[in-house]
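Asker: sequence first, then the predicted structure:
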Amino acid sequence: MRVSNPLCNSCFLFHDIAIKVWRDIIYAHMVYIDESEVGLTKKIIVELKHFHKKCNTIGLDVYAKSGYKEEIYGSDIDLFVEISPNQYVWYALQSKVLKLNKTYTTLRDGYSPRNRNYQWEKLTLLEGLTGCKSYYLLYNGVEDFDYRGLDFCSISFNESQFGCSLVEPKIIENYALKTDARGHFISPTFDDLHPNHAQPWRVLVCCPKQKSTLTKYKLETILESNKDLGFVKTNSSNDESESNGKDSNMNQKSFNKITEGISESKWKPDYRIIYSNKNLQ
């Protein structure tokens, strides 16, 4: 899965990744194979890192938990987007993939007698604690679906942009808790959520819609929370100096709103992406 446009345009990058995910899932479903959230997220991370290597006006630094192991960690993402110099907004993205039968079968995963919180409850709590914005990031591909519309940025798009689509946690909750006449849960379908409740994920970087109401974070605060939570940069070794800036003060840990919000809400992202636009400087 390689991004075809050589230009350093983050909006196009997210646009193109969605197309690739859409096609990859259709291709796999044609031979009755399900894709996984972990595998698709890993492909996306690879594309972001290649973009980081070739573009010096846009920074896309990727972090993962120290000692990352694919069989332990999954596919959920923190995305920080710079909207003015050293002012970042935070998106918490819970990844889920469409299955062969055009349903989402893992939306209620994680709930148990010992853990009586659904994932959407954790995301909603995180929003209240930190001023971030959370979405379910749905990976999709449907061969017989056609669509033309406008996104939040008033940019036209077709069905392939739903390869990576965003849906509000409250919408997911409403559909995921529906039951049949016998009280059995009904897994939501692609058609339940698209197009009426979904937006292409490119809106996170293509336009400032909704960003003005979100809490703004400085890069120093984000990097401090990386250290608190055990995130390490996955880029080449010559970029590592950024992670060593304040180690001498770490024994005197100060309050960090990001760290505290994640701890209290029990949100557990596996990757963290910091999108910095040097053209803003």
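Answerer: Now that the structure is in, tell me what you want to look at. Computed from a prediction, not measured in an experiment: that's the story for all the values here.
Asker: now Val62, what's its secondary structure?
Answerer: With DSSP: H, G, I helix; E, B strand; the rest coil as the basis, Val62 sits in strand.
Asker: pull the contacting residues for the nearest residue to it once chain neighbours are set aside.
Answerer: Once flanking residues are discounted, Val62 sits nearest to Thr234: 4.8 Å by CB to CB, 6 or more residues apart in numbering. Quick note: C-beta positions are derived from backbone N, CA and C, even for glycine. By CB atoms under 8 Å, 6 or more residues apart in numbering, the residues touching Thr234 are 45, 49, 62-64.
Asker: and the residues you listed as CSV, adding distance to Asp191 and pLDDT?
Answerer: As requested, the contacts of Thr234 are exported to CSV (distance: CB to CB, whole Å; pLDDT from 0 to 100):
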residue, distance to Asp191, pLDDT
Ile45, 29, 92
Lys49, 34, 89
Val62, 33, 92
Tyr63, 36, 93
Ala64, 34, 91
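Asker: between those residues, which sits nearest Tyr175?
Answerer: Checking these against Tyr175 with CB to CB, the nearest one is Ile45 at 28.1 Å.
Asker: quick check, nearest of the contacts of Thr234 to Phe190?
Answerer: Nearest to Phe190 among the contacts of Thr234: Ile45, at 24.2 Å, using CB to CB.
Asker: secondary structure element for that closest one?
Answerer: Using DSSP states H and E, Ile45 falls within helix 37-54.
Asker: which elements pack onto that helix?
Answerer: helix 10-30, strand 58-65, strand 87-97, strand 271-277 (3 or more CB pairs under 8 Å, 6 or more residues apart in numbering; DSSP states H and E).
Asker: what bits of this protein have low per-residue confidence?
Answerer: Within the chain, the ranges that satisfy pLDDT under 70 run 1-7, 56-57, 66-74, 112-113, 208-211, 235-253, 278-281.
Asker: who are the contact partners of the residue positioned nearest the centre of the chain?
Answerer: Taking CA atoms, centre = their mean as the criterion, Leu93 is the residue nearest the geometric centre of the chain, at 3.4 Å. Neighbouring residues of Leu93 by CB under 8 Å, 6+ apart: 76-79, 134-137, 166, 201.
Asker: among those, who's most crowded?
Answerer: Trp201 (28 neighbours; other CB atoms under 10 Å).
Asker: show me the contacts for that one.
Answerer: 14, 18, 93, 135, 137, 164-166.
Asker: which parts of this structure are strands?
Answerer: 58-65, 77-84, 87-97, 133-139, 148-150, 156-158, 164-167, 199-200, 231-233, 271-277 (DSSP state E).
Asker: JSON lines for the ones you listed, including distance to Thr189?
Answerer: Shown next, in JSON lines, are the strands of the chain (distance: least, CB to CB, whole Å):
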{"stretch": "strand 58-65", "distance to Thr189": "32"}
{"stretch": "strand 77-84", "distance to Thr189": "24"}
{"stretch": "strand 87-97", "distance to Thr189": "13"}
{"stretch": "strand 133-139", "distance to Thr189": "12"}
{"stretch": "strand 148-150", "distance to Thr189": "19"}
{"stretch": "strand 156-158", "distance to Thr189": "20"}
{"stretch": "strand 164-167", "distance to Thr189": "13"}
{"stretch": "strand 199-200", "distance to Thr189": "18"}
{"stretch": "strand 231-233", "distance to Thr189": "35"}
{"stretch": "strand 271-277", "distance to Thr189": "28"}
